[in-house]
Structure formats: C-alpha cells, structure tokens
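Trainee: Next one to model:
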Amino acid sequence: MPDVSPDSAQTQDLLDRLRDGEAAALDDLLQRCRPELRSFVELHFDPRLRARADPSDIVQETQLELVRRMDDFLSKRPMPFRLWVRKKAYERLLNLRRDHMTRARRSVQREVAFPDRSSLLLARPLLARDPSPRQRVEARERAERVSRAVSHLNESDREILLLRHAEDLPFEEIACLLDITAAAARKRFGRALIRLQTHLAAEGLLESAQ
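Mentor: Coordinates of the predicted model:
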C-alpha cells in the first residue's frame, strides 16, 4: 500500500519477531498500541452506548480480536499494523452502535443533549480559530449549538469528518478503514463537509454555507 504511511521501525521489528515465533513480542506489541487504540475508541465512542459498554470494554475486546486474528494478519500484512488496529476497533464500535440502534430505534433521540468532544473536534476547522472575549464567555452555549448542528449529520458523515478533521488521517488511510477507495473517501468527505457547513450556518455559527 504505497500511499499509506508504514509502521514505525519498532512496530515492524516486533511484528517480525512475532512472525518468527517470539511469543513475548505479542505482549510488547499490544502494550505499544494500547494508548493510541484507547484514544481512537474514546474519540469515536457514542455516549448513548454507555449503559451497555464503555471505552475500556471496547479496547479489551479489540485487543482480544487482534490476538485471535494475528496469524492471519502476519501472513497477509494487508495494511500497516497501526491502521489494522484502528480498523478492528472501528468495526466493533460500528457493530455495537448498529445493535443499539436496532434495539432502541424509536426511543433514541437524534439531538445530543450535551456537547461531546467529538462534535467540537470535527467542526473546529470551520469555526473561528481566535474567538472574541464575548465568544469565550459564551463558550458553553456555542458548544451546544455546534453539537446540535452535528446531531443532524448521519453516521457516515460524522465518522468521515472525525477521521479527517479530528485525527487528520490521509484519505488513503480513511479508505482502508471504511473499505472504500481513496477517491470515494474524498467525495464522501466533500459532501459531508457541505452538509456540516449548512447545519453550522443554520445555528448562526457561520456567515453562510460554503
């Protein structure tokens, strides 16, 4: 995958040692990837799911999945390990969210009651970078308006904006995570960005939608 950044030399060394039969390398590899995995899960975790799971559960389940499928990964090396870890976590989060929505489709409200960190991160590139003193005083109200605007986005729009704006992933890596082409990722991002701009403008957070 020439357009995707490779793993660090340390990670590649651990993978090679694990492939060569050094069992202890697996523990080192899982420990090394855990902080980044935790950050990814916390960013993408839907707060509506807290009654059924928490980010620690998803991290643990993802690492168990990594162990179960490690031999297959080592034989194929379909993508960098760090990206494969995110992909497995993303799949677990997506399955959990879909199961939750199926069980409680008619009772779940679309609006987010309290502004979550991910809403602010995915909208941040479109908002003023240096708020006025008055804006800082009104920061909570502004955050709630951002959250309302983001709540109108569908799941697909929200995820690709998070991956691009909050994590600054290149489209080639986003494509790997979403099982689409890089060209499709760019197109999906562009459409999601227009919809977000429209919703932010409706909340008075932009002069007009671009």
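Trainee: How is the chain divided into domains?
Mentor: 1-108, 110-210 (automatic domain parsing).
Trainee: would you turn the ones you listed into CSV with mean neighbour count and mean pLDDT?
Mentor: Bear in mind the C-beta positions are built from the backbone N, C-alpha and C, glycine included. CSV is the format used below for the domains of the chain (neighbours: other C-beta atoms under 10 Å; pLDDT from 0 to 100):
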stretch, mean neighbour count, mean pLDDT
domain 1-108, 15, 89
domain 110-210, 16, 80
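Trainee: Spit out the contact partners of the most centrally placed residue in the chain.
Mentor: Closest residue to the average C-alpha location of the chain: H44 at 4.4 Å, with C-alpha atoms, centre = their mean. By C-beta atoms under 8 Å, 6 or more residues apart in numbering, the contact set of H44 is A89, Y90, L93, S118, E159, L162.
Trainee: same thing but at 7 Å, please
Mentor: Y90, L93, L162 (C-beta atoms under 7 Å, 6 or more residues apart in numbering).
Trainee: Check whether the second one really touches I58, as I assumed.
Mentor: Looking back up the chat, that one is L93. Yes. Counting by C-beta atoms under 7 Å, L93 touches I58, with 6.2 Å between them.
Trainee: Which neighbours do those two have in common?
Mentor: V41, F45.
Trainee: R17 contacts A24, doesn't it?
Mentor: No. The criterion here is C-beta under 7 Å, and R17 misses it with A24 at 8.2 Å.
Trainee: which secondary structure elements does whichever strand or helix holds I194 contact?
Mentor: Element membership for I194 (DSSP states H and E) is helix 182-202. With contacts defined as 3 or more C-beta pairs under 7 Å, 6 or more residues apart in numbering; DSSP states H and E, the packing partners of helix 182-202 are helix 139-151, helix 155-161, helix 171-178.
Trainee: Nearest to D71 among those would be which one?
Mentor: Closest approach to D71 among the helices and strands packed on helix 182-202 is made by helix 171-178 (20.3 Å; C-beta to C-beta).
Trainee: just how off-centre is the closest one within its chain?
Mentor: Its chain's C-alpha centre and that of helix 171-178 lie 11 Å apart, by C-alpha atoms, centre = their mean, to the nearest Å.
Trainee: Show me what it is packed up against.
Mentor: So helix 171-178, by 3+ C-beta pairs under 7 Å, 6+ apart, packs with helix 81-103, helix 182-202.
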